[in-house]
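Q: Take this sequence and fold it.
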Amino acid sequence: MHILTGGITAVPGIRAAGIAAGIKKTDVLDLALIVSECDAVAAGVFTTNQVPAAPVLLDQRRLRRGKSRAILANSGNANACTGRRGYRDAVEMAALTARALGLSPEDVLIGSTGVIGKPLPMERLRAAIPALAARLHSDGGEDAARAIMTTDTTVKMSAARATIGGRPVTVGGIAKGSGMIHPDMATMLAYVATDAKLSRTQLQKALRRATNQSFNRLPVDGDTSTNDMAICLANGLAGNRPLSPGGPDARRFQGLLDHVCRELAKMIAWDGEGATKYVELVVKGARTESDALKVAQTIANSNLVKTAWFGQDANWGRIMAAIGRAGVRINQERIGITYGNVPVVRRGLGLGPSAEDHAGVILKQREFGLTVDLGLGTGKAQVWTMDLSMDYIKINASYRS
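A: Numbering: from 1, shown residues only. Model (predicted):
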């Protein structure tokens with residue numbers, strides 16, 4: 001596997017662009033366009049929130065066709081809880097984009113992120129979309145990634161290439177997200193493309209698996225957005241031989257897609273709203289992988305644990321309490337907890353002030369690992385998360401202003 005720059009436009013046949021359409025109060029990029037130069041197989045995974053935004057509803061219907069050519073996504077406005085007008089606006093955004101590109105409206109998917117309950121400024125979008133289409137470029141991935149940012153502080157891009165089916169195959173993606181993120185499908189907006197040749201069924205299965213191993217292991221704050229989506233376009237330009245289900249080529253493609261999605265997920269956790277700590281949390285020794293994941297997500301979503309990380313306090317008692325309420329069978333006397341390479345709990349008992357002091361040194365770092373061993377089996381799961389700081393409250397207390 002070779003790591004590439006350029007994000008989604010590292011993929012042959014994919015162009016992108018970003019423009020300041022005036023959706024946000026400041027003059028920053030807030031409208032992104034991603035286009036495949038040829039027809040592409042398309043797959044998507046969407047939020048399980050029962051108050052889905054208009055773009056989610058539109059894309060779910062259009063993806064039944066299993067193909068697409070373009071994705072238009074805006075930041076600064078979620079187009080959620082906007083009723084029939086919101087859905088009509090999403091349809092019009094797709095139609096405007098299709099007209100500018102010479103496509104059918106059904107070939108265009110829509111994404112939105114930002115403030116909920118506010119109508120889109122359609123007069124500005126009508127003026128911006130043709131100009132945005134004119135900016136499409138094979139190096140436009142970073143502008144597109146920047147245009148979908150809300151409270152993000154950094155762009156999130158990843159790309160890699162490997163030989164699959166006798167041909168070099170590329171996967172690239174961009175994502176946004178730093179708050180309102182809880183694993184319950186795909187979290188935030190993630191747009192991925194590949195030049196691999198594969199069927200709609202293969203792509204949907206691969207994307208769902210990649211999502212489950214990446215974006216669904218990203219507990220930031222316990223809130224599942226109304227707008228979450230992960231969409232993948234596969235234009236087939238690599239010309240690889242068909243991927244046999246379960247065969248080595250299919251496994252290589254899955255590994256490539258998993259890698260890109262996992263890197264994007266890690267970037268989101270690192271850039272969590274107000275984050276001062278990035279934590280790679282591993283739970284092992286569970287009876288099943290499902291049990292391990294439940295325990296990991298319970299720990300990662302505990303406000304008491306997250307504030308202890310912010311305070312650089314190796315307060316392992318909060319972790320034990322989270323394990324105990326995760327809803328899985330445990331044996332307290334078998335639990336071990338380790339920060340970095342420093343054990344603080346063995347067989348359910350703390351190892352004393354000296355161990356906690358050594359762990360405190362680990363907690364002073366911007367990034368660190370936490371391992372919980374339940375001592376019951378071979379089940380294992382990993383999640384990526386962050387602390388809970390005072391800045392998180394400040395950011396979300398004034399989000400609409």
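
Q: Which parts of the protein belong to which domain?
A: 2-270, 278-397 (automatic domain parsing).

Q: just the ones you listed: most buried one?
A: domain 2-270 (a mean of 21; mean count of other Cβ atoms under 10 Å). Yep, even glycine has a C-beta here, placed from its N, CA and C like the rest.

Q: average pLDDT across the lengthiest helix in the chain?
A: As assigned by DSSP state H, the longest helix anywhere in the chain is helix 248-270. In this model, helix 248-270 has an average pLDDT of 95.

Q: I'd like the distance from that helix to the chain centre, please.
A: Chain-centre distance of helix 248-270: 11 Å, with Cα atoms, centre = their mean, to the nearest Å.

Q: Tell me the first helix or strand C-terminal of that helix.
A: The helix or strand immediately downstream of helix 248-270 is strand 278-286, counting by DSSP states H and E.

Q: list the helices and strands the helix or strand following that next one packs on?
A: Downstream of strand 278-286, the first helix or strand assigned by DSSP H and E is helix 289-300. Counting contacts by 3 or more Cβ pairs under 8 Å, 6 or more residues apart in numbering; DSSP states H and E, helix 289-300 packs against strand 278-286, helix 316-324, strand 367-373, strand 379-386.

Q: which residues are contacting helix 289-300?
A: Helix 289-300 is contacted by residues 183, 217, 219, 279, 281-284, 286, 305-306, 319, 322-323, 325-330, 370, 372, 374, 379-383, 385 when judged by Cβ atoms under 8 Å, 6 or more residues apart in numbering.

Q: quick one: it to helix 248-270, angle?
A: Using axes from the mean of the first three to the mean of the last three Cα atoms, to 10 degrees, the direction of helix 289-300 lies 20 degrees away from that of helix 248-270.

Q: who's in contact with the nearest residue to Gly340 once chain neighbours are set aside?
A: Taking Cβ to Cβ, 6 or more residues apart in numbering, and ignoring the residues beside it in sequence, Gly340 has Ile362 as its nearest neighbour in space, at 4.0 Å. Contact analysis of Ile362 by Cβ under 8 Å, 6+ apart lists 314, 339-340, 342, 368.

Q: do the same with Gly173
A: 7-8, 157-159, 190-193, 260-261, 264.

Q: taking these one by one, which sit in helices?
A: Per DSSP H, those map to helices at 260-261, 264.

Q: would you list those residues in JSON lines and tack on distance to Gln204?
A: Listed next are those as JSON lines, based on distance: Cβ to Cβ, whole Å:
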{"residue": "Val260", "distance to Gln204": "17"}
{"residue": "Cys261", "distance to Gln204": "14"}
{"residue": "Leu264", "distance to Gln204": "19"}
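
Q: Looking at these, which is nearest Thr151?
A: Leu264 (16.5 Å; Cβ to Cβ).

Q: how near is that closest one to Ser158?
A: Applying Cβ to Cβ, to the nearest Å, the value for Leu264 to Ser158 is 5 Å.

Q: all helices of the protein, in order?
A: Counting by DSSP H, the helices of the chain are 54-62, 83-101, 122-134, 141-147, 200-212, 248-270, 289-300, 303-310, 316-324, 353-363, 390-397.

Q: Off-centre distance for the fourth one?
A: Yep, that's helix 141-147 we're talking about. Averaging C-alpha positions (Cα atoms, centre = their mean) puts helix 141-147 15 Å from its chain's average.

Q: Residues contacting that helix, please?
A: 6-10, 16-19, 28-34, 73-75, 135, 155-157, 172, 174-176, 191.

Q: taking the mean pLDDT, what do you get for that helix?
A: 98.

Q: Likewise for the fifth one?
A: Confidence for helix 200-212, expressed as mean pLDDT, is 96.

Q: now the angle from it to helix 248-270?
A: Using the same axes, to 10 degrees: helix 200-212 against helix 248-270 is 40 degrees.

Q: Need the residues that contact helix 200-212.
A: By Cβ under 8 Å, 6+ apart, the residues outside helix 200-212 that reach it are 41-45, 66-67, 185-186, 192, 198, 230, 232, 234, 243, 245, 250, 253-254, 257-258, 260-262.

Q: hang on, the earlier thing: dump the helices of the chain to a markdown table, plus distance to Gly114.
A: Formatted as a markdown table, the helices of the chain follow (distance: least, Cβ to Cβ, whole Å):
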| stretch | distance to Gly114 |
| --- | --- |
| helix 54-62 | 12 |
| helix 83-101 | 13 |
| helix 122-134 | 13 |
| helix 141-147 | 12 |
| helix 200-212 | 22 |
| helix 248-270 | 17 |
| helix 289-300 | 25 |
| helix 303-310 | 25 |
| helix 316-324 | 32 |
| helix 353-363 | 34 |
| helix 390-397 | 13 |
